[in-house]
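**Q** structure here, sequence nowhere to be found:
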């Protein structure tokens, strides 16, 4: 019985480690849509990559450091995709990654919010992204977020009556 306090301390330490362990993104998707004069353009980027620390019981101890390969941009139209990768829009030769690094994770109702820095074309903006977290049977999580980005805030193209400024982004990341 004299070892009970020591055992309780060890149990507390190890249970906290397992609840908030660093995971890596193992799969997912990145989709977007933007309205233009002929309708809506839907497209994809590769899944996000990076690391995530997520503890649903203590979101304040959680963090994300994610990147998306900007050159993986696809809409199903080779001419448009080439144009979007050019200096005029994403300029992927100079800015190959889209990055998000959180500074704060908090619970918001039944969901969560990740505040941090979103960097596109070397333009950094503080953003708050809503997300949902579902625990998987294997102990990992599926994190999903839908949010809007004003492309002009990140110098993606110029003001144009043919293309709307607001882009809807949907990201899903499987972490383990």
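**A** That came in fine, so what should we check first? What you are looking at is a predicted structure, and each value in this text was computed from that prediction instead of being measured.

**Q** please enumerate the helices of this structure.
**A** 4-19, 78-85 (DSSP state H).

**Q** give me the buried positions along the last one.
**A** By 16 or more other C-beta atoms under 10 Å, the buried positions in helix 78-85 come out as 80, 81, 84, 85. To be clear about C-beta, it is placed using only N, CA and C from the backbone, and glycine gets the same treatment.

**Q** make CSV out of these and add distance to residue 27.
**A** Formatted as CSV, the buried residues of helix 78-85 follow (distance: C-beta to C-beta, whole Å):
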residue, distance to residue 27
80, 26
81, 23
84, 24
85, 24
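
**Q** if we can go back for a sec, could you tell me the least trusted of the helices of the chain?
**A** Across the helices of the chain, helix 4-19 has the smallest mean pLDDT, namely a mean of 41.

**Q** how many residues are close by residue 62?
**A** 19 (other C-beta atoms under 10 Å).

**Q** pLDDT wise, what is the residue nearest to it when sequence neighbours are not counted at?
**A** Of all residues not flanking residue 62 in the chain, residue 105 sits nearest, at 4.0 Å (C-beta to C-beta, 6 or more residues apart in numbering). Listed pLDDT for residue 105 reads 97.

**Q** please work out which residues outside the longest strand along the chain touch it.
**A** For the chain, the longest strand by residue count, based on DSSP state E, is strand 22-36. Around strand 22-36, the neighbours that count as contacts under C-beta atoms under 8 Å, 6 or more residues apart in numbering are 40-54, 66, 68, 140-141, 151, 162-164, 166-176.

**Q** buried subset of the residues you listed as a ChimeraX selection?
**A** Buried residues among those (16+ other C-beta under 10 Å), as a ChimeraX selection:
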select :41,43,45,46,47,48,49,50,52,53,54,66,68,140,141,151,163,164,167,168,169,171,172,173,174,175
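
**Q** so what's residue 111 bridging to?
**A** residue 108 (DSSP bridges).

**Q** just give me the neighbour total for it.
**A** Using other C-beta under 10 Å: residue 111 sits among 12 other residues.

**Q** how many residues are close by residue 121?
**A** 16.

**Q** just confirm it contacts residue 92, I think it does.
**A** No. Applying C-beta atoms under 8 Å, one finds residue 121 not in contact with residue 92, separated by 9.5 Å.

**Q** may I have the phi/psi pair for residue 137?
**A** phi -60, psi -30 (degrees, to the nearest 10).

**Q** repeat that for the one 3 residues further on.
**A** Here the main-chain torsion angles of residue 140 (degrees, to the nearest 10) amount to phi -80, psi -170.

**Q** can you pull the contacts of the closest residue to it other than its chain neighbours?
**A** Distances taken as C-beta to C-beta, 6+ apart place residue 176 nearest to residue 140, at 3.9 Å, with adjacent residues excluded. By C-beta under 8 Å, 6+ apart, the contact list for residue 176 reads 23, 24, 26, 138, 139, 140.
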